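K.L.:
Build me a model from this:
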Amino acid sequence: MTDTRTAHTSDLADGELVAIRSLLTDAFEGDFTDEDWDHGIGGMHALGYEDGELVAHGSLVQRRLLHGGRALRAGYVEAVAVRADRRRRGHASAVMEALEHVLRRGAYELGALGAADEAVPLYTGRGWRQWRGPSSVLAPTGIERTPDEDGFIHVLPLGTPLDLDGELTCDWRPGDVW
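P.N.:
As a prediction, the model looks like this:
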């Protein structure tokens, strides 16, 4: 069983931030960069505990996504990870449930995330929908296609009309833009 807690980055103690970063570095087997860390802070965190130990994490940060001629306020899911020895026990689902609760409270027009192949069943099983249309980024030089991201983006519709076959453009940031 997972005990979950949500907290804003500003409400986390330094030791908690260190523990989260360590969990993410281990879970992503060293492939979690400083830019990835930067993408996952500054919003809400869902922390999953088992027997008092941090075993899972996910964060929700605000981003602007352009779609259908509108700039949409999106809750973007980042840094979802479960400690390797605690996987397949419902921790990721518990973290996502906590983040989806925040998403549905009315501050966002949609949820969005970039899904790794192995995580797709988790997200689609929770009602997230694959974005079928082209993806792009609003870069400093203008809109640039991000074809390598096509098919990996998933959204959680929250009442805003979405054309899943239309173009979806994210705001610019250093590192992985999606």
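K.L.:
Extract the C-alpha trace of the longest strand belonging to the chain and format it as PDB.
P.N.:
Across the chain, the longest stretch assigned as strand under DSSP state E is strand 53-67. Taking C-alpha atoms only, strand 53-67 is exported to PDB below (Å, rounded to 0.1, in the frame of the first residue of the first chain):
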ATOM      1  CA  GLU A  53      10.400   5.200   2.800                       C
ATOM      2  CA  LEU A  54      10.100   7.400  -0.300                       C
ATOM      3  CA  VAL A  55       9.600   4.900  -3.200                       C
ATOM      4  CA  ALA A  56       7.700   7.000  -5.800                       C
ATOM      5  CA  HIS A  57       7.500  10.500  -7.200                       C
ATOM      6  CA  GLY A  58       5.800  12.600  -9.800                       C
ATOM      7  CA  SER A  59       5.400  16.300 -10.300                       C
ATOM      8  CA  LEU A  60       2.900  18.600 -12.000                       C
ATOM      9  CA  VAL A  61       4.100  21.900 -13.400                       C
ATOM     10  CA  GLN A  62       2.300  24.500 -15.400                       C
ATOM     11  CA  ARG A  63       3.100  24.900 -19.100                       C
ATOM     12  CA  ARG A  64       1.400  26.700 -22.000                       C
ATOM     13  CA  LEU A  65       0.500  24.500 -25.000                       C
ATOM     14  CA  LEU A  66      -0.800  26.000 -28.200                       C
ATOM     15  CA  HIS A  67      -3.600  24.200 -29.900                       C
END
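K.L.:
average model confidence for it?
P.N.:
Strand 53-67 comes out with an average pLDDT of 98.
K.L.:
which secondary structure elements does that strand contact?
P.N.:
Helices and strands touching strand 53-67, by 3 or more CB pairs under 8 Å, 6 or more residues apart in numbering; DSSP states H and E, are helix 14-27, strand 44-50, strand 70-82, helix 91-103, strand 110-114, strand 168-171. Every C-beta, even on glycine, is put in place using the N, C-alpha and C of the backbone.
K.L.:
now for the last one, which elements pack on it?
P.N.:
It refers to strand 168-171. strand 53-67, strand 135-139.
K.L.:
Buried ones in the last one, by neighbour count?
P.N.:
Spelled out, it's strand 135-139. Of all the residues in strand 135-139, those buried under the rule 16 or more other CB atoms under 10 Å are 135, 136, 137, 138.
K.L.:
Closest one of those residues to residue 56?
P.N.:
The closest of the buried residues of strand 135-139 to residue 56 turns out to be residue 135 (CB to CB; 27.4 Å).
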